[in-house]
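J.: have a look at this fold, sequence not included:
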């Protein structure tokens, strides 16, 4: 996925860049329980930054009927620029 991650975000229009700060500080966990769409939660097995138990696993548990897939040997950016999404 070209442009994903920080480089893509840095090239976003100013309106998008100005809004990220408040979203970063907003706790959306209560909203997860309201989800009524099929949800796939992906997590890279080799992610050394965000622990599975503190992130993807909790998201999976909060979204009823979601599917958790832990991608073997995938880093944090498993869906974007790791080469695993080709």
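T.: Okay, I see it. Given the structure is predicted, the values throughout are model-derived calculations rather than measurements.

J.: for the residue lying farthest from the centre of the chain, grab phi and psi.
T.: Most distant from the centre of the chain: residue 14, at 22.2 Å, with distances by CA atoms, centre = their mean. Main-chain torsions, residue 14, degrees, to the nearest 10: phi -50, psi -40.

J.: next structured bit after the helix-or-strand element of the chain with minimal mean pLDDT?
T.: Using mean pLDDT, DSSP states H and E, the weakest-scoring helix or strand in the chain turns out to be helix 6-10, at a mean of 64. Going down the chain from helix 6-10, the next helix or strand is helix 14-25, by DSSP states H and E.

J.: now for whatever helix or strand comes next after that following helix, which elements pack on it?
T.: As assigned by DSSP H and E, the chain's next helix or strand after helix 14-25 is helix 29-32. Judged by 3 or more CB pairs under 8 Å, 6 or more residues apart in numbering; DSSP states H and E, helix 29-32 is in contact with helix 56-62. Glycine gets a C-beta too; all of them are placed from N, C-alpha and C.

J.: what's the helix it packs on in contact with?
T.: Helix 56-62 has contacts (CB atoms under 8 Å, 6 or more residues apart in numbering) with 29, 32-33, 41-43, 50, 66-68, 70.

J.: identify the farthest-apart pair in those.
T.: Maximum pairwise distance in the contacts of helix 56-62, criterion CB to CB, is 22.1 Å, between 33 and 70.

J.: any weak-confidence spans in this structure?
T.: 1-10, 16-17, 20, 76-86 (pLDDT under 70).

J.: hmm, try it at 80
T.: 1-25, 75-86 (pLDDT under 80).

J.: returning to that earlier point: narrow the contacts of helix 56-62 to those that are buried.
T.: With neighbours counted by 16 or more other CB atoms under 10 Å, these contain buried members at 32, 41, 43, 66, 68, 70.

J.: let me have those residues in TSV, adding distance to residue 23 and secondary structure as columns.
T.: As requested, those are exported to TSV (distance: CB to CB, whole Å; DSSP: H, G, I helix; E, B strand; the rest coil):
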residue	distance to residue 23	secondary structure
32	15	helix
41	19	strand
43	21	strand
66	21	coil
68	23	strand
70	26	strand
